[in-house]
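In: Following is a predicted model, sequence given first.
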Amino acid sequence: MTMEKTFDAAEAEPRLYARWEREGCFRAGANARPGAEPYAIMIPPPNVTGSLHMGHALNNTLQDILIRRKRMQGFDVLWQPGQDHAGIATQMVVERALAQAGEPGRREMGREAFVERVWRQKDSSGDTIINQLKRLGASCDWSRNAFTLGRTDEDQMSRAVIRVFKQLYDEGLIYRGKRLVNWDPHFETAISDLEVENVEVEGHMWHFKYPLAGGETYDYVEKDADGNVTLRETRDYIAIATTRPETMLGDGAVAVHPSDERYAAIVGKLCEIPVGPKEHRRLIPIITDEYPDPAFGSGAVKITGAHDFNDYGVAKRGGIPCFRLMDTKAAMRADGAPYAEEVAKAKAIREGGAASEAEIDAINLVPDEYRGLDRFDCRKRVVAAITGEGLAVTGPDGAPLVENKPIMQPFGDRSKVVIEPMLTDQWFVDAATLAKPALAAVRDGRTTFHPENWSKTYFQWLENIEPWCISRQLWWGHRVPVYYGPERDGENFGFSLNSSLDAVQFKLKLFCAETEAEAIEQAKAYYGSEWQIKINRSDDKRIGISLPEDRSRNTITIARDPDVLDTWFSSALWPFSTLGWPDETPELNRYYPTSVLSTGFDIIFFWVARMMMMGLHFQKDVPFSDVYIHALVRDEQGRKMSKSLGNVIDPITLIDQYGADAVRMTLAAMASMGRDLKLDVSRVEGYRNFSTKLWNAARFCEMNGCALVPGFDPKSPREPVNRWIVGETARLREAMDAAIDAYRFNDAANAAYAHVWGVLCDWYVECAKPLLQGDDGPAKEETRATAAWALDQALILLHPIMPFVTEELYGALAPRERLLVHADWPTWTAADLADAEADADMGWAIAAIEATRSARAEMNVNPGAQIPLVAVGADAATAARLARVGPLLARLARLSSIEHADAAPKGAVTLAVQGATLCLPLAGVIDIAAEGARLEKALGKLDKERAGLEAKLANPAFVEKAKPEVVEKERARLAALAEEAGKLAAAQARLAELA
RNA sequence: GGGCGCGUAGCUCAGUGGGAGAGCACUACGUUGACAUCGUAGGGGUCGCUGGUUCAAUCCCAGCCGCGCCCA
């Protein structure tokens, strides 16, 4: 068969991948040796609706390199694939699709129908990313593909989540509470603080006067740093600064720092919020708290506990009520009683009336005229009203003081809308408790980060961890396994009518249960066997008590919590849920803890830390021993690639264009640790060329009858070239292993590149040609066998990085029992195979050839011309060496003859090499001036280097203090330089005679 | 404000306490039977700046300048 001139990646890649899959090459344990150690990697599950981006391509290439090599080494390998249900992202995709198609929205559809619709979406698009990973060559065990969400609660992946929730709930590590959370008004759900992006935007700082109650006044005094009074005036107000005037409506207090003398006189007094109908203006107290910064703004801060995280802290400390102003869409509330009535309630509370959180939450302090407005529209109205009333602080020019300044504003990372801190009932994980073992595991080295630096990020976050809000007001996800019923106190219930869970004002009894049956059991145990327990599955979530006339079938209706769990809650279980937990499976026993987790740094908080917490808590062991943090693929300006920026390079497009091997090689070569990766497409092209180079080396072998010899012993060759390539191959194997073991993928890629192109396809093939095409039968056979072996070894070593082209060539090179994907990874060492004499011969030959070629080019010798070479003053060793490598020299330097002489011929170009002076007699051809210039230049370079070395060696401090081997090395270098310079100087002298 | 990182050839990037590297681009030459997705030869860098440690600094330390990211 004759090979094509290039590798047809588009044709071969799908064919090869299909064959690997068909033959089960990627199955867990495939190619494992008897008694093999396990080696497992859990893929970071991509979003099920997602598509492959460069980050995925990089990460999965690196994982595949790790996995393929281990598999070839005979480990019991598992690469566990799967996808993430991606709660918000997926729900967003479907809602958008519904809107575009003009179909009813999710609320019109109802929960059940909507979730069914999302499943259809998942089923239709879920394979996209899988197929893209296959295009990349990822050798995952697809038969084990996992998904973070089950169709039903009985599905194993869902059982895992529910079991974890229940256990943590029973242990008191999960709890429900009304807290300030990040609220996404677009998706109308809580999100975790990690899903919030703080972005600096153009903002305004308004300054308003809060008049003191009853027209009171005080002396306001400002002093400079030395205590000199700079301002003294009588004021009847306290000035506050705010970037969010609409939240003034919910203020509960004004706070000043306890050390702030300017306001000491009015602490404890009341001031008036300067907005809303005049007759109903609310009064709020002036309190002290450590939070306000006296140096910032006026030093006084308005406290809106329900809409600001800092204020929330102040309110909690100071017993200040938190009034919620907005609804789930972040529009100003329109519920409740008329403003006047609501203000009266708030006043009663301020004056000492006790009120529950729920009662306070029910109060709507939005004036009637602002109700239902969007928060930003309301802001404009509030500003206009206050300014119109003359209560804005004025600047030196008499105009209202409005500072334009950049402010940090929180945005939802998915929705891109401004996040509203909102007081809501949510579920939380006591992350601080779970974090302790997770911190310890990294501190004591049970899990190590690569590069190690990232452990700092991990520590920093876990040491300051906040409670993790895990509930989401979404429908796509694991539903919280908690059921609510009315609380019972003896014979009395907290209420007597059916009521919706949404607006519940009474105490609830919670039943956390893994199944509905278990929930009913718990409820029966709680309420008594005389009650029928019914679970309400409808959307309106009514719970309560039904008492028929005859009181014969008294029924209590309980309802399941409508919220779902944060997707990361299920992702945190990935290292063991994918292995079958909570069932006890052989895989769980075998592969947990896994070997490596490879991921981006941006996900250390989201995922790595949480897997550590959950793994340690539920499996009593770390989920992985190594965490490799790969670089982030950025655009040419160093920005993250993102759809909204339009700076995305699609890996599939690159694969179409250059082949998967080229893309993988590029990513591996650029994946140096600890640095971001800016992708340059020209590199991909270069590695495609590399693949072609390899292809053509194989073609060369084929054309020259280089067939693999069964049982070939790499120690058997006699020819220097063959002995040399065998040693080089062993060195490559060592370099590759060392690099991959250390996660230095770029070193591995570069070593392979340099070997294949720079050594195998260059010097070796060129040097093999004279032997392959010569008359020496045994040498020819030896070279054929060695060439085939060297290529074969290169294919094996390159396979983890470039699986397709290597597999194709491996099959073409010889009939095989096994595919390359299951070939034995070599264990040769350089100590086994390298031969010092052969290495020295080849090093000398290469230097001589390069020197000759260089001189020829500079002398403008016709590239095709054959010229003689005369070796002058060769010592015995060099003469012997020249005899061994002479044919190579002749061929590669295009020499007509090689002769020895005692003296240099006249009019020759002189080359200084170790152990001899090589002369190219070019009488008639030689340009004396040009050769003079060439020697001059070479000598100049040598002299410069010599001068430096001599100065160094003349320095007694160097000779005394530097390591002896360094001194020795420098001396040897100087001697070599001197020898070379001597030869060149002699040549110069000869040239001078000629002139 | 805290933390991490970067600044090396025109571009994209490796690298190391002791002789500055790769790919691409560039220049000249070359169709020698594996490969023009190639070959040969070559040009190109005060390794951001300033100090310090050291016999020796592109590398270690400090400061500065410029840039990026994360967290508050």
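Out: Nice, I can see it.
In: C-alpha from now on. contacts and neighbour counts both.
Out: Will do.
In: in the stretch 551-700 of chain A, which spans are helices?
Out: A:567-571, A:574-577, A:586-591, A:609-619, A:651-658, A:660-670, A:681-703 (DSSP state H, counting those that start in this stretch).
In: Need the ones you listed in a markdown table (columns: mean neighbour count and mean pLDDT).
Out: Output for the helices of the stretch 551-700 of chain A, formatted as a markdown table (neighbours: other Cα atoms under 10 Å; pLDDT from 0 to 100):
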| stretch | mean neighbour count | mean pLDDT |
| --- | --- | --- |
| helix A:567-571 | 24 | 92 |
| helix A:574-577 | 28 | 95 |
| helix A:586-591 | 16 | 94 |
| helix A:609-619 | 22 | 93 |
| helix A:651-658 | 18 | 90 |
| helix A:660-670 | 27 | 90 |
| helix A:681-703 | 19 | 90 |
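In: what's the closest of the ones you listed to RNA strand B?
Out: RNA strand B lies closest, by Cα to the nearest atom of the strand, to one member of the helices of the stretch 551-700 of chain A: helix A:681-703, at 3.4 Å.
In: Whatever residue of the stretch 301-450 of chain A ends up closest to RNA strand B: what's it in contact with?
Out: Closest residue of the stretch 301-450 of chain A to RNA strand B, Cα to the nearest atom of the strand: A:M408 (7.0 Å). Neighbour list for A:M408: A:N198, A:V199, A:E200, A:V201 [criterion: Cα atoms under 8 Å, 6 or more residues apart in numbering].
In: that's a helix at the third one, yeah?
Out: No. Assessed by DSSP: H, G, I helix; E, B strand; the rest coil, A:E200 does not belong to a helix; its assignment is strand.
In: Show the pLDDT at it.
Out: A:E200 carries a pLDDT value of 77.
In: give me the element the nearest residue to it once chain neighbours are set aside is part of.
Out: Among residues not flanking A:E200 along the chain, A:M408 sits closest, at 4.3 Å (Cα to Cα, 6 or more residues apart in numbering). Per DSSP states H and E, A:M408 falls inside strand A:402-412.
In: For that strand, which residues meet the burial criterion?
Out: For strand A:402-412, the neighbour count (16 or more other Cα atoms under 10 Å) marks A:V402, A:Q409, A:P410, A:F411, A:G412 as buried.
In: who's the second one bridged to?
Out: If I follow you right, that is A:Q409. A:V199 (DSSP bridges).
In: and the gap between it and A:G203?
Out: 9 Å (Cα to Cα, to the nearest Å).
In: tell me the contacts of A:F745?
Out: A:L62, A:A668, A:A669, A:A671, A:S672, A:A739.
In: and with 10 Å instead?
Out: Going by Cα atoms under 10 Å, 6 or more residues apart in numbering, A:F745 touches A:62, A:65-66, A:665, A:667-673, A:736, A:738-739, A:751, A:801.
In: out of the contacts of A:M408, which one sits closest to RNA strand B?
Out: A:N198 (6.6 Å).
In: and the closest one, how many neighbours?
Out: 16 (other Cα atoms under 10 Å).
In: need the residues of the stretch 1-150 of chain A near RNA strand B, please.
Out: By Cα under 7 Å from any atom of the strand, the residues of the stretch 1-150 of chain A that approach RNA strand B are A:K5, A:T6.
In: Could you pull out the strands in the stretch 1-150 of chain A for me?
Out: Ranges of strands within the stretch 1-150 of chain A are A:38-42, A:76-80, A:82-83, A:146-147, based on DSSP state E, counting those that start in this stretch.
In: in its sheet, what does the third one sit against?
Out: Strand A:82-83 has the following strand partners under DSSP bridges: strand A:146-147 (parallel).
In: I'd like to know which elements whatever helix or strand comes next after the partner strand is packed against.
Out: Next along the chain after strand A:146-147, taking DSSP H and E as the criterion, comes helix A:156-170. Using 3 or more Cα pairs under 10 Å, 6 or more residues apart in numbering; DSSP states H and E, the elements in contact with helix A:156-170 are strand A:146-147, strand A:174-184, strand A:420-429, strand A:482-486, strand A:508-512, helix A:567-571, helix A:574-577, helix A:609-619.
In: State the next helix or strand along the chain beyond the fifth one.
Out: On the C-terminal side of strand A:508-512, the nearest following helix or strand under DSSP H and E is helix A:516-527.
In: Beyond that next one, next helix or strand please.
Out: strand A:532-536.
In: okay, that following strand in CSV with CA atoms only?
Out: This file holds the C-alpha atoms of strand A:532-536, laid out as CSV (Å, rounded to 0.1, in the frame of the first residue of the first chain):
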residue,chain,number,x,y,z
GLN,A,532,-54.9,11.0,57.4
ILE,A,533,-51.8,12.5,55.8
LYS,A,534,-52.0,13.9,52.3
ILE,A,535,-49.2,15.3,50.2
ASN,A,536,-50.2,18.3,48.1
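In: what about chain A, any weak spots by pLDDT?
Out: A:1, A:490-506, A:539-541, A:545-553, A:634-647, A:673-676, A:924-925, A:995 (pLDDT under 70).
In: quick check: domain ranges of it?
Out: Here the domain parsing of chain A from automatic domain parsing is A:31-166+A:566-658, A:206-419, A:423-437+A:466-565, A:681-817, A:839-994.
In: which residues touch the nearest residue to A:G50 once chain neighbours are set aside?
Out: Leaving aside its chain neighbours, A:G50 sits nearest to A:I129 (6.5 Å; criterion: Cα to Cα, 6+ apart). Contacts for A:I129 (Cα under 10 Å, 6+ apart) come out as A:P46, A:N47, A:V48, A:T49, A:G50, A:S51, A:L52, A:H53, A:H56, A:G82, A:Q83, A:R135.
In: Which of the three states applies to A:N862?
Out: coil.
In: so what's it up against?
Out: A:R856.
In: And it, how close does it get to A:A438?
Out: Counting by Cα to Cα, the gap from A:N862 to A:A438 is 71 Å.
In: With A:R891 instead?
Out: 64 Å.
In: Help me confirm that A:V709 is found in a strand?
Out: No. Inclusion of A:V709 in a strand is not indicated when three-state DSSP is applied; the result is coil.
In: May I have the phi/psi pair for it?
Out: phi -100, psi 120 (degrees, to the nearest 10).
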